[in-house]
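Trainee: Below: sequence and its predicted model.
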2 protein chains.
Amino acid sequence: MHLATVTTSAGSSAAVRLDGRWHALPGHDLSALLTSHAAWEPGAELPDARPLLPLPRPGKVICCGLNYGDHITETGRETPTHPTLFAKYADTLTGPDDDITLPTGLEVDWEAELAVVVGRELRSATPAEAGDAIAGYTVANDLSVRDWQRRTLQWFQGKAWDATTPIGPVVVTPDELDPVAGVEVICRVNGVERQRGNTSTLVFDSATLLSYVSTFTTLRPGDLVLTGTPGGVGMGMDPPTYLADGDLVETEIPGIGTLTNIVRLTD
Amino acid sequence: MHLATVTTSAGSSAAVRLDGRWHALPGHDLSALLTSHAAWEPGAELPDARPLLPLPRPGKVICCGLNYGDHITETGRETPTHPTLFAKYADTLTGPDDDITLPTGLEVDWEAELAVVVGRELRSATPAEAGDAIAGYTVANDLSVRDWQRRTLQWFQGKAWDATTPIGPVVVTPDELDPVAGVEVICRVNGVERQRGNTSTLVFDSATLLSYVSTFTTLRPGDLVLTGTPGGVGMGMDPPTYLADGDLVETEIPGIGTLTNIVRLTD
């Protein structure tokens, strides 16, 4: 099943895609739908629907770094025994085809990722319980301001610029997508493929990450966990290469869809 | 002025202390009061009021590490050129006299801190603008699970255990407290003083921190910025010393008040 938060002439709505057409679901957005736990039937067709940021106000957006072998190698580190986690806020997120606006002069890099959408409250959950609580999967680009990320030991200030992490375009339910079996995670910049990884090579899979996080904090419906980026980021290129004003970043996971974002660097 | 969120027989309320007595203010808590921007007059006296977590649901809780010279020295690091920042979520916070419950077997350490309460929306603010937007100051203890903090490069998983960062008991407005001139930040464990620093020695003061954060993300009324801890934490002792079940942690800033929290380590 493909779920989304869509814009229509009547405002935003949760929606489900059936035979290629969007139908209304209860709630203004997917977060509301997931939180309500109500049974639902597809409503009226929404002929003019366009997917927005699917989870507009998650309480938590927790990211795992260093989770693909090739990306770990390009950063010169060793395979970790525990997931490296950092936090974002809802303000960091933006829509699947929104422009990404930042000041000029920053080292702006791409990080294509699979994102996991939490469907049920989780605390001290086993990996099996965590797996059962996954509402679905979506695409993310953990766009990173590398010079700020490197200023100190903690990455947060390079990872939390407002409206720089595109998410979407849809959330695909686990019955249709199995990241453990493997899905491709791809990033293209101006049409040139820069990243291609497969989630079957993740050090920590989705259920393991949700279980681990739930050891110390509560995850709730609509929260997001980003599973890390494969090799091929700009800072790993020789010489390091960053995004320029007007660059087109496409982030694709076949079976989910593609984020299409233009970078706008302004004075 | 001393502001708080208090519990009363009629539920929670924002409140102001006048001549040692709490009087009702509009709003269920200080976050609601700060967000409303409404003019207010003190209401009825609340004879049975007891301060709770003053800002129960801040959108952002951003912490600065390594901000006092003596703590930087005890961690073996150099004076930073930029503030080291990491994020917490509202779930991490707890009340000024709440027990702090964690599983046994963790290395639980204390970190007394001055916390700044944001009073107005800030984005790309100068330090002067940021200083004018400070609603007040309160006391925090950035209780840290050191073994989890050290598991990976990113501190988040040692800093974000639910209900482990006590905040309060009151918020003191800037006309009554000047951390640049200097206030003492003190931590006692079972009555023994372990930390005593002075905010006049902060590398990055409150206004500088808010301005810096506002470069990359929006701060809103009720958000918190924790300014770092002085020397004297348990991991800096020889041998390193951590909190045990039943330990009493008192975190004091004269002019604001004292957090009084008992640590409960459970199987």
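Mentor: Right, received. Where do you want to start?

Trainee: who's in contact with the least confident helix or strand in chain A by mean pLDDT?
Mentor: Among the helices and strands of chain A, helix A:69-74 carries the lowest confidence by mean pLDDT, DSSP states H and E, at a mean of 82. Residues outside helix A:69-74 that contact it (Cβ atoms under 8 Å, 6 or more residues apart in numbering or on different chains): A:66, A:78-80, A:197, A:201, A:203, A:228-233, A:236. In short, each C-beta sits where N, CA and C put it, glycine included.

Trainee: Quickly check: the helix or strand just after that helix near chain B or not.
Mentor: Next along the chain after helix A:69-74, taking DSSP states H and E as the criterion, comes strand A:84-88. Yes - judged by Cβ under 8 Å from any Cβ of the partner chain, strand A:84-88 and chain B are in contact via A:84-88.

Trainee: in its sheet, what does strand A:84-88 sit against?
Mentor: strand A:61-65 (antiparallel) (DSSP bridges).

Trainee: got a list of contacts for the strand it pairs with?
Mentor: Strand A:61-65 is contacted from outside by A:83-90, A:92-93, A:113, A:142, A:155, A:159, A:165, A:204, A:209, A:213, A:223-228, B:153-154, B:156, using Cβ under 8 Å, 6+ apart.

Trainee: swap in stretch A:203-216?
Mentor: Under Cβ under 8 Å, 6+ apart, the answer for stretch A:203-216 is A:62, A:64, A:66-69, A:72, A:79-80, A:82-83, A:85, A:114, A:116, A:118, A:122-131, A:133-134, A:137, A:179-180, A:199, A:219, A:225, A:227, B:145, B:148, B:157, B:160-162.

Trainee: Can you report how many residues lie near A:R120?
Mentor: Using other Cβ atoms under 10 Å in any protein chain shown, A:R120 is surrounded by 16 other residues.

Trainee: Report pLDDT for A:R77.
Mentor: Note on A:R77: pLDDT of 85.

Trainee: residues in contact with it?
Mentor: A:L66.

Trainee: What's the separation between it and A:N141?
Mentor: Distance of A:R77 to A:N141, given as Cβ to Cβ, to the nearest Å: 21 Å.

Trainee: Please apply the same query to A:P26.
Mentor: 29 Å.

Trainee: Please apply the same query to A:M1.
Mentor: Counting by Cβ to Cβ - A:M1 and A:N141 are separated by 23 Å.

Trainee: what about A:P240, which SS state?
Mentor: coil (DSSP: H, G, I helix; E, B strand; the rest coil).

Trainee: Count residues in the vicinity of it, would you?
Mentor: Neighbour tally, A:P240, other Cβ under 10 Å: 12.

Trainee: Could you find the closest non-adjacent residue to it?
Mentor: A:G234 (6.1 Å; Cβ to Cβ, 6 or more residues apart in numbering or on different chains).

Trainee: Give me the sheet partners of the longest strand seen in chain A and which way each runs.
Mentor: Counting residues, the longest strand in chain A under DSSP state E turns out to be strand A:257-266. The sheet places strand A:257-266 alongside strand A:100-103 (parallel), strand A:248-253 (antiparallel), with pairing taken from DSSP bridges.

Trainee: Can you say which of these is nearest to A:P54?
Mentor: When these are compared by Cβ to Cβ, strand A:248-253 sits nearest A:P54, at 13.6 Å.

Trainee: Restricting to C-alpha, output that closest one in PDB.
Mentor: Extracted in PDB, the C-alpha atoms of strand A:248-253 (Å, rounded to 0.1, in the frame of the first residue of the first chain):
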ATOM      1  CA  LEU A 248      19.200  19.000  -8.900                       C
ATOM      2  CA  VAL A 249      19.300  16.300  -6.300                       C
ATOM      3  CA  GLU A 250      17.300  13.200  -7.000                       C
ATOM      4  CA  THR A 251      17.000  10.600  -4.300                       C
ATOM      5  CA  GLU A 252      15.400   7.300  -5.300                       C
ATOM      6  CA  ILE A 253      14.400   4.100  -3.800                       C
END
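
Trainee: Need the buried ones from the contacts of strand A:61-65 selected in ChimeraX.
Mentor: The ChimeraX selection below is limited to those of these classed as buried (16 or more other Cβ atoms under 10 Å in any protein chain shown):
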select /A:83,84,85,86,87,88,89,90,92,93,113,142,155,159,165,204,209,213,223,224,225,226,227,228 /B:154,156
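
Trainee: what's the neighbour count on A:I262?
Mentor: Quick note: A:I262 (other Cβ under 10 Å) scores 15 neighbours.

Trainee: What's opposite it in the beta bridge?
Mentor: According to DSSP bridges, beta-bridge pairing links A:I262 with A:L248.

Trainee: and it, how far is that from A:D247?
Mentor: As judged by Cβ to Cβ, A:I262 and A:D247 stand 7 Å apart.

Trainee: Next: A:T217.
Mentor: Taken as Cβ to Cβ, the span from A:T217 to A:D247 is 35 Å.

Trainee: what about those two, which has more around it?
Mentor: Here A:T217 and A:D247 are compared on neighbour count by other Cβ under 10 Å; more neighbours surround A:T217, at 25 against 17.

Trainee: hang on, that one packs against B:K159?
Mentor: No - the criterion here is Cβ atoms under 8 Å, and A:T217 misses it with B:K159 at 10.3 Å.

Trainee: wait, what's in contact with the nearest residue to A:G257 once chain neighbours are set aside?
Mentor: Excluding its sequence neighbours, the residue lying closest to A:G257 (Cβ to Cβ, 6+ apart) is A:P169, at 4.6 Å. Residues in contact with A:P169 (Cβ under 8 Å, 6+ apart) are A:4, A:51, A:54, A:96-97, A:138-139, A:256-259.

Trainee: Enumerate the residues of chain A near chain B.
Mentor: Residues of chain A lying near chain B (Cβ under 8 Å from any Cβ): A:59-60, A:62, A:65-66, A:80-92, A:123, A:145, A:148, A:151-157, A:160-162, A:216-218.

Trainee: State the distance from A:P174 to chain B.
Mentor: To chain B, A:P174 is 25 Å away according to Cβ to the nearest Cβ, to the nearest Å.

Trainee: Now that residue: which helix or strand?
Mentor: Per DSSP H and E, there is no helix or strand for A:P174.

Trainee: ok, how many other residues are close to it?
Mentor: The burial count for A:P174: 19, using other Cβ under 10 Å.

Trainee: Let me see the backbone angles for it.
Mentor: With angles defined as degrees, to the nearest 10, A:P174 sits at phi -60, psi -20.

Trainee: What of A:S31?
Mentor: According to degrees, to the nearest 10, A:S31 has phi -60, psi -50.

Trainee: what does the domain assignment say about chain A?
Mentor: Split into domains by automatic domain parsing, chain A comes to A:2-51, A:61-266.

Trainee: Now do the end-to-end distance for the last one.
Mentor: When you say that, I think you mean domain A:61-266. End-to-end distance for domain A:61-266: 27 Å, by Cα to Cα, to the nearest Å.

Trainee: Perfect, I'm done here.
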